[in-house]
Structures are given as C-alpha cells and as structure tokens.
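Engineer: how would this look folded up:
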Amino acid sequence: MALNGESPEQLTLLRETVRRSRTKEPAGITSELPVARVAVDVSLPHLDRPFDYLVPDDLAEAAQPGARVKVRFAGKDLDGFVLERLAASDHDGKLARIRKVVSPEQVLTPEVAELCRDVADRYAGVLADVTRLAVPPRHAKVEAEALRCTLPPKPVVSSSVSEWAPYPQAPGFLEALGRAEGPRAIWTAVAGADWALAFAQAAAVCASAGRGALLLAPDARDLERLAAACAAVLGSDGYVTLSADLGPTARYRAFLAALRGCTRVVIGTRAAAFAPVTDLGLVALWDDGDDSYAEARAPYPHAREVLLLRAYRQKCAFLLGGFARSAETAALLESGWAGELIADRPVIRAAAPAIHIAGESDMDLARDPQARAARLPHRAFEIAREGLRSGPVLVQVPRAGYLPSLVCQTCRAPSRCSTCGGTLRRTGGSGPASCSVCGRPAADHRCLECGDTRMRAAIVGARRTAEELGRAFPGVLVRTSGGDNMLDAVSDQPALIVTTPGAEPVAAGGYSAALLLDTWLLLARQDLRAPEEAVRRWFNAAALVRPAREGGTVIMVGEPSATPLQAVVRWSPEGFASRELSERRTARLAPAARLAELTGPTEAVADLVRGLKLLMDPQAGLEVLGPVALDDETSRAVVRTPRAAGSALARTLKEAQAARTTKKSPGSVRIQVDPVHFG
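Structural biologist: Okay, here's the model as predicted:
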C-alpha cells in the first residue's frame, strides 16, 4: 500500500535519488601537483612533521601554499596550512584528500613558515604552536574587504637622519641599508635620544630603497611613540601597526595589509615578530631586556631571538637599540656577528645627567651619617627640592610584590649558591638556606662581598612613598604611575612623579631630577638576571632626565661600591654588559651556555630527565641541576650544555618529550629554553 497517497513507483524513485546523493562520486584528483604537504594543527611532539594529502580538482586552485585547509587526521577534522604542492609523495600508503579549503588567502608565507620551523627547533617546541603565534585567527568579513594595493607605495615624508648624528658608525650602517644590504648593529643610545624617531628614520631609508622594515617596541606606550614618529617620517599611510592589543578584527586587518603589500613598514609589539613583511630589508627592536618580549605561550620564544633567526634566514639588516645593554647583545658584539653604534665618550657625558649615590663621599657622610642607611637621605630631599624649582621630579620606587631572595645581613649583597650561582632561599623551619636552582643546602655560606655568614630576607617594596613625599613637600602636586594607573606623559610643570620601574612617563623637556630609591631591593630579587634588569631600569629612568649642563641630576639610594650602581654613575652600559657576560660564562649560564627549565609533576620531570640522559650524546657536556620541589606535586629541573651544543640539547629534549607522548606517559612537562626569569 502507498503511504500518504504516493505510489510504490514514486517511493522507489525517491529511495534511488537519496541513494545516489549519498554515494555521489567524489571529485577527481588534480593532475597538476596533486599532492599537498600540510602542517596539521596538532601539538604532540611525536607528530611534529608535515603530512601529505591529495588535492581534489575542485580545490586545486585554492589549495596553494600558505592557505588554510581542513584535513582528516586521527579520525577528526583538523585545521592546517598548505606548505607546498608536490608532483608525488614519498608516503607508501594511501593518501587522504583535503576536505576543505577554509580560505584561499595565503596567510603563511614560505619565509614565515621557514621561520616558524626554525623557532620551533630553537625552543624544543612544535610547529603548530609557533604558527598559532605567527598567524592570527581568520576573520572572513575582513578578508572580503576591498583591501587591494595596486598602486606603488608613496614616498616617505622626510629623508632626514638627524637622530643618528651622534654616532660615528651610523652613516655606514644607513648607507648599507640604503643599498639594500644586510648590516647588523647594536645601538647604544645616548641619554635623551628620541629612539622612536631614530627607528622611523632608519625605516624610511629602507623603504626608500624599495624594501620593507619591521620595528618592534616593548609595550603599548612605546608603540604609540613609535607610531607617532612613523607618521611624521613615513606619512599616516606609510606604515601599519600590528599588535594583539588592537583586538581580533583590527589585528587581522593590519595583518592582511602587511601580507598584501599595502605598506612597506610594519610596527608592533612581540606579536608582530612574525609579520609577513614584503621584501623584508630591516628588523629592529628597542630595549631587548624588557621581559614583555618573552612569549607566555609555548614554546615561549623571545622576540629578539625570532628577529635574529629572521635576519639570518632572510639576509636582512638587523638593529637592536637601547639605553642599556643585555648580556645577549654583548655576546653578539663579542662574536663579531653585529657591529656597534655608540657615541664618543664626550658626547655620551654631555648628554647624560649628573648621577650621584647617597653617601658616596666622606663629605656626604659627615653631613648625613645615615645617608647609606636611610631610605630617603637628606641629599635626596635637597635634590628633589632644587629640581622642583624648574620642572617635574621623577621618583622611582621598586614595586610591591617582588619576591626577593636572601641577602647579606651586613652589606645586603644577594646571597648566591657556591656551586651553581643560584639565589639562596629559606623555605621554612630552622634548617639552612638552600639553592633555588640546584637545591643544595648552604650551611657553610659566606658572603663574597664582606665575608659575613648571616643572611636576612629582603623587605618587600616601599609603602606610602607618595604620601610621605606629599607631607615632605606641602603644596607640590604628587602623581603616581604604575599598575592600572599608567601615565604616558607629563607636562614641564613642577610635580613629583612617583612611579614603579618601567612605568615612567615622558616629561616635556625632560625631568629636572630623579630619585632612584631602594636600589638594593631590585638587586635582591630571586632572579639571576636581577642585576642586569636593575641596571636597565635605572638607565631607562635616568635617560629621561635633562643633561647635567641643564641642571639634570639623578640620586641613587644604595651601596656606593655596588658594581651595578657604579655602571650607571659612569654611564657605561657597555662595560656592565661585558662584565655580566663574563660572569655568566664563569657560572655557565645563558647566553654563555644553553639552559632549559623543566617544570611539571615530580615523576614526569624525573622521567623526562632520564630520557634526556639516555638520548643525549655523552660528548655534549650535559649537566642536570635538581630537580627541586616547588610544592608537594611540582618539581623543577634545569639542564644545561655549552652553547655549541645548544641545538643538540633542544633537539634531544624534543625527542625525549616525543618518546613520552608516544607512550602516553602521565604528566605534562613544560620546557622553557633560555627562560627570561631564572633563579
């Protein structure tokens, strides 16, 4: 009997139609380059390799290198990028087909894909994690916008290179840049230099030669300064800003503008390190010691290292600038990989403010016997009072929340492990202090500076500084900058500007004076990079003060004989960086050695260390520090090798991780190669 009035013949025809629709013949495989090599979005170390897929006829035109696709992998539809098209595959088994081209936009350029592979190998990571950092999420609406750049880029607004005048080596660097060569330089800026304008002028030289430039700044405030300088030199449409702070839609629009060649210059924060700049001729980064350049997501790359790899891979110019120098930049200079852009000593001294340390002379101590012990000695009040007559005064106070290590009871020098140089800590009880790196007890510790065996915990940052200064200087405006209340700029009117390190606003015409308080507290942080970081903070603050010839004065409150403070007094960032590099070499720490920090469940860390020892070449000089318990369930181990064996260490770490994931071993271990914070 027919259902609903339909005849049996109609039902048979309907069933046949449904059957045919379900068994529709798939499209044929394209005859031209029928195999696509795809980087599948999977983060397991043992699957970190490209996979081959067949390209159907109807997807052949869209499935080009760099395009996003959907593929079948391990029973799931996963995202991926086409890396290349091939005539044949070396895979013996049957190949699956590409299921879908998500977008024909070729967002992963060959140069960036190679860079991502290099970064993954450098940091013992997987390609999929790096491509997530390099390519922002897709926005179909933005891709559909009419963003086509058919006209040649406009010429730069200004061809001036005035900001480079103080540096004798700068003309040679800029001339090589204009000839589309690949010079490499470490730039140590004089106090008061407009680094953003100097970067924009270098980018203009590169753009005038028909090549692209990529400029990185540490944070949003510095990026705004760089954008203003680029607008003045390159024109408002002569550059594009690429930053995670833009939001998903605006960021993807800026990314596509760079990808499609709408501008030759891209500026941004660390998120822009992988930007697809057309015909890249220059990569530049300001203040590489700022920890905001360290990526918080696996495999935790540092923007400086990404640009170094990029400069090497793409044979473009490299420029790294700052008021201070890191040990890594000192290593680049020492190796001869980069040259030096630095002013002559008379020029440096003329641009710098007068810098003093409280209690630095017998006369100071005679006038104020507590100059070295007081938090706000008499001379600091005098300098602040004098500075307020002609402009704003900067007061830098270490922020509350630092977790300082143990320091000497007498001289407050940081207490270090005699075995590995790590900072000492006391986790509780009455037992001896122990090393935070290798875990060894320090029962026989003796201060290297004064010989005292006693240690104390450094206090947490200053309290009520702004209120104290407000009472000391009645009628004077007191403003604070730090945390959620960041000031970008202040006027030239008299005021006390109390800031935490790194939050100093720029003053119109420069600060008349600066007070750098509790300097010992910055040096006592539980971090082996604490001295370098402290010096960088002090140089950055002092560089905002007027030159000494205009009355600019800086007073530092701390131990006058401390090497980091003396480096600032002499305005010698290059000397301090060289000394720091030498000490790192003696202690076998980065950048003189290659380190990796392994953190995770105690048994998982131990398992990974065992696997690493089995796989690592005995000649590589592998050394294991720890593991050290961080809490009841988590431990940390540090492994290190000589720098020459760094690539082998990263490769073997990844092999050991791959062995664990293949066996589905319990527990996940985080690997950080050359971590920014270490101690």
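
Engineer: list the contacts for residue 652?
Structural biologist: With contact taken as CB atoms under 8 Å, 6 or more residues apart in numbering, residue 652 is in contact with 612, 615-617, 620. In short, each C-beta sits where N, CA and C put it, glycine included.

Engineer: now, which of those sits nearest residue 566?
Structural biologist: residue 620 (38.2 Å; CB to CB).

Engineer: for residue 627, see how far away the closest residue to the closest one other than its chain neighbours is.
Structural biologist: Nearest non-adjacent residue to residue 620, counting by CB to CB, 6 or more residues apart in numbering: residue 645, 4.2 Å away. Separation of residue 645 from residue 627 (CB to CB, to the nearest Å): 21 Å.

Engineer: what about the helices in the stretch 151-300 of the chain?
Structural biologist: Secondary structure of the stretch 151-300 of the chain by DSSP state H, counting those that start in this stretch: the helices cover 170-178, 195-208, 220-234, 248-259.

Engineer: which strand or helix spans residue 532?
Structural biologist: Element membership for residue 532 (DSSP states H and E) is helix 530-542.

Engineer: and the helix or strand following that helix, what does it pack onto?
Structural biologist: Later in the chain than helix 530-542, the nearest helix or strand by DSSP H and E is strand 553-556. In this structure, strand 553-556 makes packing contacts with strand 354-357, helix 378-387, strand 513-516, helix 530-542, helix 563-569, judged by 3 or more CB pairs under 8 Å, 6 or more residues apart in numbering; DSSP states H and E.

Engineer: show me the helices in the stretch 301-450 of the chain, by range?
Structural biologist: Applying DSSP H, counting those that start in this stretch to the stretch 301-450 of the chain gives helices spanning 303-314, 327-335, 345-351, 362-367, 378-387.

Engineer: low-scoring stretches of the chain, by residue?
Structural biologist: Per-residue confidence for the chain (pLDDT under 70) gives these ranges: 1-26, 147-152, 360-375, 399-405, 412, 426-431, 456-464, 679.

Engineer: next, name the residue at the spatial heart of it.
Structural biologist: In the chain, the centroid-proximal residue (CA atoms, centre = their mean) is residue 293; its distance is 1.6 Å.

Engineer: isn't that residue up against residue 302?
Structural biologist: Yes - under the criterion of CB atoms under 8 Å, residue 293 makes contact with residue 302 at 5.6 Å.

Engineer: and the next element down the chain from the strand of greatest length in the chain?
Structural biologist: The longest strand of the chain (DSSP state E) is strand 76-86. Beyond strand 76-86 on the C-terminal side, the first helix or strand identified by DSSP H and E is strand 98-103.

Engineer: same for whichever helix or strand comes after that next one, what does it pack against?
Structural biologist: Counting by DSSP H and E, the element after strand 98-103 in chain order, helix or strand, is helix 110-122. For helix 110-122, the packing partners by 3+ CB pairs under 8 Å, 6+ apart come out as helix 127-134, helix 303-314, helix 646-662.

Engineer: CA atoms of the last one as CSV?
Structural biologist: Presented in CSV, the C-alpha positions along helix 646-662 are these (Å, rounded to 0.1, in the frame of the first residue of the first chain):
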residue,chain,number,x,y,z
GLY,A,646,72.6,24.2,22.3
SER,A,647,70.9,22.8,19.1
ALA,A,648,71.6,19.3,20.2
LEU,A,649,70.1,20.0,23.6
ALA,A,650,66.9,21.4,22.0
ARG,A,651,66.6,18.5,19.6
THR,A,652,67.2,15.9,22.2
LEU,A,653,64.7,17.5,24.6
LYS,A,654,62.1,17.3,21.9
GLU,A,655,63.0,13.6,21.2
ALA,A,656,62.6,12.8,24.9
GLN,A,657,59.2,14.6,25.0
ALA,A,658,58.2,12.7,21.9
ALA,A,659,59.1,9.4,23.5
ARG,A,660,56.9,10.3,26.5
THR,A,661,53.9,11.3,24.4
THR,A,662,54.2,8.3,22.2
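
Engineer: starting at the chain centroid, how far to it?
Structural biologist: Its chain's C-alpha centre and that of helix 646-662 lie 24 Å apart, by CA atoms, centre = their mean, to the nearest Å.

Engineer: the next helix or strand after it - which strands sit beside it in the sheet, and in what orientation?
Structural biologist: Once helix 646-662 ends, the next helix or strand along the chain (criterion: DSSP H and E) is strand 670-673. Strand pairing for strand 670-673, using DSSP bridges, gives strand 593-601 (antiparallel).

Engineer: tell me the buried residues in the strand it pairs with?
Structural biologist: Judged by neighbour count (16 or more other CB atoms under 10 Å), strand 593-601 contains these buried residues: 593-600.

Engineer: show residues contacting it.
Structural biologist: Defining contact as CB under 8 Å, 6+ apart, one finds that strand 593-601 is touched by 124, 584-585, 589, 605, 608-609, 627, 630, 633-643, 645-646, 649-650, 653, 666-675, 678.

Engineer: count of neighbours near the residue nearest to residue 620?
Structural biologist: 19 (other CB atoms under 10 Å).

Engineer: equivalent analysis for the one 10 residues further on, please.
Structural biologist: When counting by other CB under 10 Å, one arrives at 18 neighbours for residue 655.

Engineer: could you do residue 109 as well?
Structural biologist: 18.

Engineer: before we move on, the earlier item: which of the helices and strands packed on strand 553-556 sits most buried?
Structural biologist: Each of these was scored by mean neighbour count; the highest is strand 513-516, a mean of 29, by mean count of other CB atoms under 10 Å.

Engineer: that one pairs with which strands, parallel or anti?
Structural biologist: Note on strand 513-516: by DSSP bridges, its sheet partners are strand 393-396 (parallel), strand 553-556 (parallel).

Engineer: what's downstream of it, the next helix or strand?
Structural biologist: Taking DSSP H and E, what comes next after strand 513-516 is helix 519-523.

Engineer: chain center to that next one, what's the gap?
Structural biologist: 23 Å.

Engineer: now for the closest residue to residue 60 other than its chain neighbours: which residues touch it?
Structural biologist: Leaving aside its sequence neighbours, residue 60 sits nearest to residue 30 (CB to CB, 6+ apart; 3.8 Å). By CB under 8 Å, 6+ apart, residue 30 lies in contact with 55-57, 60.

Engineer: same deal with residue 473?
Structural biologist: Applying CB under 8 Å, 6+ apart to residue 473 gives the contacts 384-385, 388, 496.

Engineer: how about the contacts made by residue 267?
Structural biologist: Here residue 267 is in contact with 214-217, 223, 226-227, 230, 239-242 (CB under 8 Å, 6+ apart).

Engineer: mind listing the residues bridging to it?
Structural biologist: Assigned bridge partners for residue 267, using DSSP bridges, are residue 215, residue 241.

Engineer: picking up where we left off before, what's the spacing between the residue nearest to residue 60 and residue 64?
Structural biologist: Going from residue 30 to residue 64 by CB to CB gives 12 Å.

Engineer: quickly list what's touching both of these two.
Structural biologist: The contact sets of residue 30 and residue 64 do not overlap (CB under 8 Å, 6+ apart).

Engineer: what's the neighbour count on residue 258?
Structural biologist: When neighbours are counted by other CB under 10 Å, residue 258 registers 23.

Engineer: no, scratch that, I was asking about residue 628
Structural biologist: So residue 628, with other CB under 10 Å, has 20 neighbours.

Engineer: quick one: secondary structure of it?
Structural biologist: Following DSSP: H, G, I helix; E, B strand; the rest coil, residue 628 is assigned to strand.

Engineer: before we move on, back to that, now distance to residue 322 too, for the helices and strands packed on strand 553-556, in a markdown table please.
Structural biologist: A markdown table is the format used below for the helices and strands packed on strand 553-556 (distance: least, CB to CB, whole Å):
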| stretch | distance to residue 322 |
| --- | --- |
| strand 354-357 | 18 |
| helix 378-387 | 26 |
| strand 513-516 | 18 |
| helix 530-542 | 7 |
| helix 563-569 | 14 |
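
Engineer: out of those, nearest to residue 74?
Structural biologist: Sorting those by CB to CB, the top spot, which is the nearest, belongs to helix 530-542 at 44.0 Å.
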